[in-house]
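J.: Fold the stuff below for me.
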Amino acid sequence: MGARGPAPKSPEQLAARSKTAADKAHIRIVTSEVVPAPDLPAFMPGGKIDEDTGEIGRTEWPEQTLTWWKCWTEDPLTDDYRNSDWLDLLDCALIHGRLWNGDDKAAGELRLRMSRHGATKDDRARLRITYATADLTEKRAGTPASAPSRPSAKERRGGLRSVPQTADDLAPF
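T.: Presented below is the predicted three-dimensional model:
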């Protein structure tokens, strides 16, 4: 008779467990309206303060940042952005502007913040984001792509058959 061992682990403690209906019930689904991309402010905030008037100086946005912002507002990744997402991207625009105005210390912060938006191929892989192309979509749907398909191995070698070997065939010459 075998000895009694420890009690089995609960399903929540197992390393390789599949999601059950109870686990999926904890997912929170929120409805939200898509918000269009805001315009960049007329000037970059954070310019130098004029000692005589006490007014904050105006810094023009670098041309690279204006181009960067336009690319992000037209990117399919931002199609479902809400206000909080756009506010974070506005903060990234300010950091991007600082970088292009010569503040090299802004590069690390920009990289960290932009990784949340899927800025690079590696970021998109980590976030499990894939750009779908027409050919990829058709392939996954099981419909043939517009390009002509290559004949199968069976079609290319249709006349070949295996021939059973006899003991005489295996004898040395």
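
J.: ok, residue 69 - how many residues close by?
T.: Using other C-beta atoms under 10 Å, residue 69 has 21 other residues around it. Heads up, the C-betas are built off the backbone N, CA and C, glycines and all.

J.: ugh, wrong one, I meant residue 114
T.: 19.

J.: Next one: the spatially most central residue of the chain, what pLDDT does it get?
T.: In the chain, the residue lying closest to the centroid (C-alpha atoms, centre = their mean) is residue 124, at 2.3 Å. At residue 124, the model reports a pLDDT of 91.

J.: Begin at 43 from now on, thanks
T.: New numbering, starting at 43: the last item is residue 166.

J.: can you pull the contacts of it?
T.: By C-beta atoms under 8 Å, 6 or more residues apart in numbering, the contact set of residue 166 is 160, 172-173.

J.: 10 Å instead, please
T.: 119, 157, 159-160, 172-173 (C-beta atoms under 10 Å, 6 or more residues apart in numbering).

J.: Whichever of those residues count as buried, I'd like them selected in PyMOL; how would that read?
T.: With 16 or more other C-beta atoms under 10 Å as the burial test, the buried ones among the contacts of residue 166 are selected in PyMOL as follows:
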select buried, resi 159+160
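
J.: Just give me the neighbour total for the residue lying closest to residue 141 once chain neighbours are set aside.
T.: In space, and not counting its chain neighbours, residue 141 is closest to residue 148: 4.2 Å by C-beta to C-beta, 6 or more residues apart in numbering. By other C-beta under 10 Å, the residues close to residue 148 number 17.
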